[in-house]
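> Sequence first, then the predicted structure, then my questions.
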Amino acid sequence: MAGWNETIYTCPQPSGSQPLFLELAGITHPDTSYRISRSDPEDVYVLEYVIRGRGHLVHGEQYYEIMAGDVYFLQPHVPHRYYSDPKDPWEKIWFNLQGPLMEALCDAYQLHGIVYYHDCPLQDEFFRGMEIVRNWNTDSIPAFSLQIHRILERLHAWRNRHPESDKSPEGIRLKEYLDQNWQKKITIDGLSHLIRKSPAQMMRIFRRDWGDSPYNYLQKQRNFFARQYLKNTNCPVKELAMMMGFQDEFYFSNWFKQRNGLSPSRYRNQFR
């Protein structure tokens, strides 16, 4: 670890059994060479928040691309490795934790097996925890334990607000990409490359998470937006066809009529 650009804190704690033990804490500064690998992480809980930049995490057989504003929470007995993005190395704040309190809190807040929390606004909470660490004294353990409790409670609240967190990270990324790029030409190879899986694996992941194929989902999205534009704007049908990714206005009209029972013009006239 000495070769990496990190600020690391070790905190004196009483010997003997403790509900919560802080093994290490620190801030990882941008460093393209940074890489951690644990093949048998026995009893360590790793709790990290990314301040800026990007990184990559492999947890068991799952791959996650981590970015600023994300939290990840690694739990014991699952091999993992994580490393900085070579073009945009991350800066992150982290705590390595042990003790029965962590197991109890994971049980209470149903956090077992939940690794990745995308766009989870907990920077202030992590900084409060780090402030306790920086000013560590013999009375700091209760305050630090409460702060870790607070962070895990916030992760539980985030999960309740984001039920899609039960989906795989690959499935979420595919859906987000389709939602943001429905106007563009989408290919199976492009989607497969996006999540670093084969086309067959990509199709299985999407269908498992969303109950449909990427193609059908994309067609539903395009149909939804086409209806909205026809209902609420005066955008010419020819321009709308181009916007939807169709080179031919007549092909778009046939496609729209198959899904809605009316041509684009007749559909629009219902709302005039």
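Looks like it arrived, so ask away.
> Flag every buried residue along the longest helix anywhere in the chain.
If you go by DSSP state H, the chain has its longest helix at helix 140-161. Within helix 140-161, the residues that count as buried by 16 or more other C-beta atoms under 10 Å are 140-141, 144-145, 147-149, 151-152, 154-156, 158-159. C-beta here means a position set from N, CA and C on the backbone, and glycine is covered the same way.
> Determine the set of other helices and strands touching that helix.
helix 100-108, strand 116-117, helix 123-134 (3 or more C-beta pairs under 8 Å, 6 or more residues apart in numbering; DSSP states H and E).
> hmm, try it at 7 Å
helix 100-108, helix 123-134 (3 or more C-beta pairs under 7 Å, 6 or more residues apart in numbering; DSSP states H and E).
> hey, least reliable of those by pLDDT?
For the helices and strands packed on helix 140-161, the stretch scoring lowest in mean pLDDT is helix 100-108; its value is a mean of 92.
> Restricting the selection to alpha carbons, write the longest helix of the chain to PDB.
C-alpha atoms of helix 140-161 as PDB (Å, rounded to 0.1, in the frame of the first residue of the first chain):
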ATOM      1  CA  SER A 140     -14.300   8.000  19.700                       C
ATOM      2  CA  ILE A 141     -15.500   4.400  19.400                       C
ATOM      3  CA  PRO A 142     -19.200   5.100  20.300                       C
ATOM      4  CA  ALA A 143     -19.400   8.100  18.000                       C
ATOM      5  CA  PHE A 144     -17.800   6.200  15.100                       C
ATOM      6  CA  SER A 145     -20.000   3.200  15.700                       C
ATOM      7  CA  LEU A 146     -23.100   5.500  15.500                       C
ATOM      8  CA  GLN A 147     -21.800   7.100  12.300                       C
ATOM      9  CA  ILE A 148     -21.300   3.700  10.600                       C
ATOM     10  CA  HIS A 149     -24.800   2.800  11.800                       C
ATOM     11  CA  ARG A 150     -26.100   6.000  10.200                       C
ATOM     12  CA  ILE A 151     -24.400   5.200   6.900                       C
ATOM     13  CA  LEU A 152     -25.800   1.700   6.700                       C
ATOM     14  CA  GLU A 153     -29.300   3.000   7.600                       C
ATOM     15  CA  ARG A 154     -29.000   5.500   4.700                       C
ATOM     16  CA  LEU A 155     -28.000   2.700   2.400                       C
ATOM     17  CA  HIS A 156     -31.100   0.800   3.400                       C
ATOM     18  CA  ALA A 157     -33.200   4.000   2.800                       C
ATOM     19  CA  TRP A 158     -31.600   4.400  -0.600                       C
ATOM     20  CA  ARG A 159     -32.400   0.800  -1.500                       C
ATOM     21  CA  ASN A 160     -36.100   1.300  -0.600                       C
ATOM     22  CA  ARG A 161     -36.200   4.300  -2.900                       C
END
